[in-house]
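Asks: Provided below for reference: sequence and predicted model.
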Amino acid sequence: MTKKNRGNPSLGDIIRTTAVMGALILALAGIAWWFSIEPTETERSVDYESALVSARRDAAFDLLAPRSLPEGWYANSVRYEPGVKGRWHLGVITDTDAYIGLEQTPVSIRRTVEDYAPETEAKGNITVGGFEWELRQSPKNETSFVRRTEGITVLVTGTARQSVIEKYAASLRTD
């Protein structure tokens, strides 16, 4: 009668076990991929108007937002963080699937750019919506406008064409 050594598996045992476990993991990943569902636009969109109404009641500064979004656009993210260093964020997707983000915060222009548009470089000033903005651009096709008014920094940044971002920035209102 031979006694099996159960404490030390052979290299072949280790390889076979690893192959079986790898095959199981790949099978589970394939099943998950097969049954995953791509979200529709309505599943990805958020109701920014309700969040804006609520945030405006608590905000220490006037929050900006468009009165409405153009046809085919939708908001995909909205956040309000109260407090002295609070911030307002509204992210939208255009009808061409480009992104535009609005950031409003009491921190400096330098810090806001570092946080939300770090790869952009100043390219001069531009007047949009009656305000003078610093125009910033990145090598990765990101355009940003930033300004500071009454202790609040406003940054509008995105991958949309500059003219589209200009129209969006001009549409921002506090009412």
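Replies: Nice, thanks for sending it over.
Asks: check contacts around A23.
Replies: The contact partners of A23, by C-beta atoms under 8 Å, 6 or more residues apart in numbering, come to none. Every C-beta, even on glycine, is put in place using the N, C-alpha and C of the backbone.
Asks: How far does the helix or strand encompassing it sit from its chain's centre?
Replies: Using DSSP states H and E, A23 falls within helix 11-35. Centroid separation for helix 11-35 versus its chain: 35 Å, with C-alpha atoms, centre = their mean, to the nearest Å.
Asks: Next: stretch 68-85.
Replies: Its chain's C-alpha centre and that of stretch 68-85 lie 10 Å apart, by C-alpha atoms, centre = their mean.
Asks: Just the buried positions in it, please.
Replies: By neighbour count on 16 or more other C-beta atoms under 10 Å, the buried set for stretch 68-85 is 69, 73-76, 78, 80.
Asks: from those, which ones fall inside strands?
Replies: Among the buried residues of stretch 68-85, DSSP state E puts 74-76, 78, 80 in strands.
Asks: Among those, show me the least confident.
Replies: Within those, pLDDT reaches its minimum at Y80, with 90.
Asks: Just the closest of the buried residues of stretch 68-85 to G22, please.
Replies: When the buried residues of stretch 68-85 are compared for distance to G22 (C-beta to C-beta), N76 wins out at 36.4 Å.
Asks: The most centrally placed residue in the chain: what's it in contact with?
Replies: The residue lying closest to the centre of the chain (C-alpha atoms, centre = their mean) is G91, at 6.3 Å. G91 makes contacts with 75-78, 99-102, as judged by C-beta under 8 Å, 6+ apart.
Asks: Next SSE downstream of the lowest-mean-pLDDT helix or strand in the chain?
Replies: Among the helices and strands of the chain, helix 41-44 carries the lowest confidence by mean pLDDT, DSSP states H and E, at a mean of 56. Downstream of helix 41-44, the next assigned helix or strand under DSSP H and E is helix 48-58.
Asks: Next, the angle strand 74-81 makes with that following helix.
Replies: With axes from the mean of the first three to the mean of the last three C-alpha atoms, to 10 degrees as the basis, helix 48-58 and strand 74-81 are set at 20 degrees to each other.
Asks: buried sites along helix 48-58?
Replies: Quick answer for helix 48-58 (16+ other C-beta under 10 Å): 48, 51-52, 55-56.
Asks: Any buried residues in the helix holding A23, and which?
Replies: By neighbour count on 16+ other C-beta under 10 Å, the buried set for helix 11-35 is empty.
Asks: same thing with stretch 138-155?
Replies: In terms of neighbour count (16+ other C-beta under 10 Å), stretch 138-155 has its buried residues at 142-147, 152-155.
Asks: Switch those over to a markdown table; also include distance to F131, secondary structure and pLDDT.
Replies: What follows is those, written out as a markdown table (distance: C-beta to C-beta, whole Å; DSSP: H, G, I helix; E, B strand; the rest coil; pLDDT from 0 to 100):
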| residue | distance to F131 | secondary structure | pLDDT |
| --- | --- | --- | --- |
| E142 | 20 | coil | 94 |
| T143 | 16 | strand | 95 |
| S144 | 14 | strand | 95 |
| F145 | 9 | strand | 96 |
| V146 | 11 | strand | 97 |
| R147 | 6 | strand | 96 |
| I152 | 12 | strand | 93 |
| T153 | 12 | strand | 95 |
| V154 | 8 | strand | 96 |
| L155 | 13 | strand | 96 |
